[in-house]
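> can't give you the sequence, but here's the structure:
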């Protein structure tokens, strides 16, 4: 098996070397999670620490995405209420500000433990 290396990153795996830029994958790495070692210019098995770091990045990105999508749903729902010729309630502008401010209230460290995005009714009940 061979790995295509572009800008010091693996971009493709193939049974055949396509010529320049392809590096052979050692047999003991074929069924493992692999990485390109820039220092030795070889393919090696990824360490547990490297896997954990990648996993952490994915978890954080997913948590941010979840927060933003829930916030967008709630903003859309409040838009729908106003568009349905219903007068915005007294707390609606405050609630929409709460929604807009949500991302600023988290960091990459705290986003993992994010609270659920409150619906308008839950928000008003908590006042």
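Done, it's in. Owing to the predicted nature of the structure, the values given are computational and were not obtained by experimental measurement. Numbers count the residues shown, from 1 in each chain.

> please, where are all the helices along the chain?
Under the criterion DSSP state H, the chain contains helices at 48-83, 92-101, 120-125.

> distance to residue 18 added to these, as a markdown table?
Where C-beta positions appear, they are placed from N, C-alpha and C, glycine not excepted. Output for the helices of the chain, formatted as a markdown table (distance: least, Cβ to Cβ, whole Å):
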| stretch | distance to residue 18 |
| --- | --- |
| helix 48-83 | 26 |
| helix 92-101 | 49 |
| helix 120-125 | 56 |
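
> with mean neighbour count added, can I get the ones you listed in CSV?
What follows is those, written out as CSV (neighbours: other Cβ atoms under 10 Å):
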stretch, mean neighbour count
helix 48-83, 13
helix 92-101, 15
helix 120-125, 14
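
> so which of those helices is nearest residue 28?
Smallest distance to residue 28 across the helices of the chain (Cβ to Cβ): 16.3 Å, for helix 48-83.

> the closest one - contacts with which helices or strands?
helix 92-101, helix 120-125 (3 or more Cβ pairs under 8 Å, 6 or more residues apart in numbering; DSSP states H and E).

> residues in contact with the residue lying closest to residue 102 once chain neighbours are set aside?
Using Cβ to Cβ, 6 or more residues apart in numbering and skipping the chain neighbours, the partner closest in space to residue 102 is residue 71 (5.2 Å). Contact analysis of residue 71 by Cβ atoms under 8 Å, 6 or more residues apart in numbering lists 99-100, 102-103, 117.

> domains in the chain, by residue range?
Domain segmentation of the chain under automatic domain parsing yields 2-46, 49-125.

> chain center to the longest one: distance?
Relative to the mean C-alpha coordinate of its chain, domain 49-125 is positioned 15 Å out (Cα atoms, centre = their mean, to the nearest Å).

> what do you get for the shortest one?
The gap between the average C-alpha position of domain 2-46 and the chain average comes to 25 Å, counting by Cα atoms, centre = their mean.
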